[in-house]
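*Asks:* show me the folded form of this:
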Amino acid sequence: MKRSTVKELLTSTETNRDVRLKGWVRTRRGNNQVAFIAVNDGTIIHSIQVVADLGSFPEETMKRVTTGSSISVTGKLVESMGKGQSVEIQATEIEILGDCDPEEYPLQKKGHSFEFLRENAHLRFRTNTFGAVFRIRHALAFAIHKYYNDKGFFNLHTPIITASDAEGAGAMFKVTTLDLDGAPKNEEGGIDFTQDFFGRPTNLTVSGQLEGELGATALSSIYTFGPTFRAENSNTPRHVAEFWMVEPEMAFYDIHDNMDLAEDFLQYLIQYTLEHCQDDLEFLNKMVDKGLLERLRFVMDNPFERKTYTEAVDILMKSGKKFEFPVHWGLDLQSEHERYLVEQHFKRPVILTDYPRDIKAFYMKQNDDGKTVRAMDVLFPQIGEIIGGSQREERMENLLERMREMNIPEDELWWYLETRKFGTVEHSGFGLGFDRLIMFITGMSNIRDVIPFPRTPKSADF
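*Replies:* Presented below is the predicted three-dimensional model:
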């Protein structure tokens with residue numbers, strides 16, 4: 001008999017039929033005559049109840065039906081007389097697939113802290129909370145590919161190992177095959193990378209943007225979706241060393257086209273999750289963040305407010321609110337400033353544009369005022385910035401001037417500069433931190449809890 005999943009059985013309208021189920025025991029209760037076994041296989045947040053008449057099964061078999069054990073159940077799917085479920089399985093055969101010692105199994109029926117579950121990340125997928133989070137993570141990954149595919153974008157696989165630093169930040173993980181104890185030296189006494197695997201220093205990427213621009217200037221619209229890395233010794237709930245980014249790049253897009261795409265993209269993803277992950281979202285709304293569904297609908301129901309950075313600074317300075325971090329023109333906005341604009345002032349998501357050029361990257365298009373660039377940040381409730389992007393500088397002279405000001409070597413980015421030399425066009429793009437999006441959509445407050453196996457300072461377990 002073919003195996004059925006818990007999701008298939010719980011959504012079935014056809015009862016009084018023989019079925020076979022395989023899964024893990026969540027709980028077992030009952031008395032001397034009957035056992036009620038909750039079985040889950042991860043396909044849905046709910047478990048299905050298996051009813052076993054103890055007189056019909058060997059005592060040795062039933063002793064092994066413990067929390068965490070894996071079992072195969074054959075029986076009849078019937079309408080349930082109990083509360084909370086529409087169907088249940090009346091078992092005729094039970095086979096133990098894998099034993100689980102209840103004295104050693106870390107996941108007992110009691111609640112566990114997220115910190116405890118991070119230490120047991122190999123098992124936390126079996127909990128309701130993390131099952132919900134990672135089913136939503138899958139749904140969002142699929143929705144991202146569907147959104148861009150349906151819009152005619154091409155998925156571009158940009159390199160994970162790179163010789164460039166797209167942001168100019170410098171916090172990168174080095175990649176080498178040289179022996180760290182006896183690395184060859186050059187005439188200056190430094191490491192001779194000409195003898196390394198690639199013949200030059202290389203790192204793990206911080207962004208696929210620059211390579212993405214190359215694709216966009218031939219394919220019109222592309223998007224990247226892959227892992228990125230930052231070697232920052234940061235231990236906040238918002239930072240990890242390895243995370244995933246979605247970075248679309250579009251030829252013939254100005255900053256306004258860029259904003260339109262970002263707003264439509266975010267609302268599409270939230271709508272997709274509301275439609276396809278209802279059970280998981282309702283569980284998280286009940287158990288993790290009681291304001292979750294209200295916040296998701298807040299983003300869906302309100303057009304995004306669009307203001308310049310200068311207008312935002314003026315609003316913040318006139319607000320009368322005492323912020324922890326100072327506010328004045330020329331400083332980057334902090335999360336508390338962004339959340340004030342979204343949650344208290346405009347009461348809707350906000351897109352800010354035209355930031356001071358001195359706090360933004362070299363590749364952003366310069367405005368005619370000589371002070372600002374066509375950057376944009378999308379701000380959400382609770383988390384602040386969720387998307388950062390810009391119209392890119394397509395004018396060779398302006399780009400070169402900015403690179404020289406920021407001491408970015410032209411010879412290392414010759415390939416990037418040539419796109420401005422051979423048929424340059426207006427183009428734009430942005431980056432969405434996939435993991436922070438999942439934090440927002442699930443209500444989880446720590447980024448370590450939306451990544452299956454987080455990489456943080458002094459931690460590379462699992």
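
*Asks:* tally up the residues packed near residue 371, please.
*Replies:* One way to gauge burial is a neighbour count; for residue 371, by other C-beta atoms under 10 Å, it gives 15. C-beta coordinates here come from the backbone N, C-alpha and C atoms, glycine included.

*Asks:* actually residue 406, not the one I typed
*Replies:* The burial metric for residue 406, expressed as a neighbour count using other C-beta under 10 Å, is 11.

*Asks:* pull the longest strand along the chain out as PDB, backbone CA atoms only.
*Replies:* In the chain, with assignment by DSSP state E, the single longest strand is strand 17-30. Once side chains and other backbone atoms are set aside, the C-alpha atoms of strand 17-30 remain, and they are given as PDB (Å, rounded to 0.1, in the frame of the first residue of the first chain):
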ATOM      1  CA  ARG A  17     -10.700   3.400   3.600                       C
ATOM      2  CA  ASP A  18      -7.400   1.600   4.400                       C
ATOM      3  CA  VAL A  19      -4.300   3.900   4.700                       C
ATOM      4  CA  ARG A  20      -0.700   3.600   5.500                       C
ATOM      5  CA  LEU A  21       1.100   6.400   7.400                       C
ATOM      6  CA  LYS A  22       4.800   6.800   8.400                       C
ATOM      7  CA  GLY A  23       6.000   9.500  10.800                       C
ATOM      8  CA  TRP A  24       7.300  10.400  14.300                       C
ATOM      9  CA  VAL A  25       5.400  10.100  17.500                       C
ATOM     10  CA  ARG A  26       4.700  13.500  19.100                       C
ATOM     11  CA  THR A  27       2.700  12.300  22.100                       C
ATOM     12  CA  ARG A  28       1.100   9.200  23.500                       C
ATOM     13  CA  ARG A  29      -1.800   9.000  26.000                       C
ATOM     14  CA  GLY A  30      -4.500   6.600  26.900                       C
END
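
*Asks:* the helix or strand just after it pairs with which strands?
*Replies:* Next in sequence after strand 17-30, counting helices and strands by DSSP states H and E, comes strand 34-40. For strand 34-40, the pairing partners within the sheet under DSSP bridges are strand 17-30 (antiparallel), strand 48-53 (antiparallel).

*Asks:* touching the longest one from outside, list them.
*Replies:* In other words, strand 17-30. Taking C-beta atoms under 8 Å, 6 or more residues apart in numbering as the criterion, the residues outside strand 17-30 that touch it are 1-6, 9, 35-42, 47-48, 50, 54, 65-77, 89, 97, 100, 109, 126.

*Asks:* again, only this time at 7 Å
*Replies:* Strand 17-30 is contacted from outside by 1-4, 6, 9, 35-41, 47-48, 65-77, 89, 97, 109, 126, using C-beta atoms under 7 Å, 6 or more residues apart in numbering.

*Asks:* what about the residue lying farthest from the centre of the chain, which SS state?
*Replies:* What lies farthest from the middle of the chain is residue 55; by C-alpha atoms, centre = their mean that is 49.0 Å. Reducing the assignment to helix, strand or coil with DSSP: H, G, I helix; E, B strand; the rest coil, the entry for residue 55 is helix.

*Asks:* just to revisit the earlier point, got the buried residues for the longest strand of the chain?
*Replies:* Buried residues in strand 17-30, counting neighbours by 16 or more other C-beta atoms under 10 Å, are found at 19, 21-26, 28.

*Asks:* and of the strands paired with strand 34-40, who's closest to residue 348?
*Replies:* Between residue 348 and these, the shortest separation by C-beta to C-beta is 40.8 Å, and it involves strand 17-30.

*Asks:* next one: stretch 368-385 to chain centre, how far?
*Replies:* 21 Å (C-alpha atoms, centre = their mean, to the nearest Å).

*Asks:* mind listing what's buried along it?
*Replies:* The neighbour-count criterion (16+ other C-beta under 10 Å) identifies 372-385 as the buried residues of stretch 368-385.

*Asks:* now for residue 275, how many residues are close by?
*Replies:* Each residue near residue 275 was counted by other C-beta under 10 Å, and the total is 10.

*Asks:* where does the protein have low pLDDT?
*Replies:* Filtered on pLDDT under 70, the chain yields the residue ranges 166-170.

*Asks:* domain parsing for it?
*Replies:* 3-105, 126-170+206-449 (automatic domain parsing).

*Asks:* most neighbours per residue, which of these?
*Replies:* Among these, ranked by average contacts under mean count of other C-beta atoms under 10 Å, first place goes to domain 126-170+206-449 (a mean of 18).

*Asks:* which SS class is residue 394?
*Replies:* Looking at residue 394 with three-state DSSP, the answer is coil.
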